[in-house]
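structure of the sequence below:
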Amino acid sequence: MTNNGLVPYGGVIQLDPTVTLSSLNLSLPALRILQAMQTYGYYVVDFVCTDIDIYTAIPETELDPYGGSHGNADGSGVQGEIQNVLLSNKLYVVAPLTKKQ
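Now for the predicted structure:
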């Protein structure tokens with residue numbers, strides 16, 4: 001997949017703040033990432049193999065108990081959990097948060 005121009009690089013997407021994530025039975029990594037997407041937004045930085053890839057600063061092995069990044073014997077994967085929530089809820093293109101001085 002390539003950038004189809006809907007949201008340009010550097011754009012910010014916010015998960016609908018009215019979604020009650022705690023009721024969705026998500027793994028802890030998926031929950032934390034989606035909470036950040038609700039609070040701060042998701043910066044579009046790349047287009048790779050899925051519509052929205054998640055970049056983190058943690059080693060991928062930390063996701064192994066939750067099905068890994070894209071699925072393993074322990075589950076469907078954190079990326080899949082996140083993708084399911086994003087596909088079934090509203091996303092908004094918003095201005096980046098800035099700090100006033």
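
Ser76 against Gly68, yeah?
No: contact criterion CB atoms under 8 Å: Ser76 and Gly68 do not qualify, at 9.3 Å. Every C-beta, even on glycine, is put in place using the N, C-alpha and C of the backbone.

more neighbours, the two?
Gly68 (20 against 16; other CB atoms under 10 Å).

ok, the more buried one to Thr56 distance?
Distance, Gly68 to Thr56, using CB to CB, to the nearest Å: 13 Å.

can you show me the strands along the protein?
For the chain, applying DSSP state E gives strands covering 12-15, 42-43, 91-94.

between those, which gets nearest to Leu63?
strand 42-43 (17.7 Å; CB to CB).

so which residues make contact with the closest one?
10-15, 36, 52, 96 (CB atoms under 8 Å, 6 or more residues apart in numbering).

what's the closest of these to Thr61?
For those, the nearest to Thr61 is Ala36 (20.7 Å; CB to CB).

residues near that closest one, how many?
14.

can you find the helix or strand in the protein with the smallest mean pLDDT?
strand 42-43 (a mean of 86; mean pLDDT, DSSP states H and E).

number of residues surrounding Gly10?
9.

oh, I was asking about Gln79
22.

likewise for Leu91?
For Leu91, using other CB under 10 Å, the count is 16.

contacts only, for it.
Contacts of Leu91 (CB under 8 Å, 6+ apart): 13-16.

go through those residues and say which is closest to Tyr92.
Looking at those and their distance to Tyr92, the nearest is Gln14, at 4.8 Å (CB to CB).
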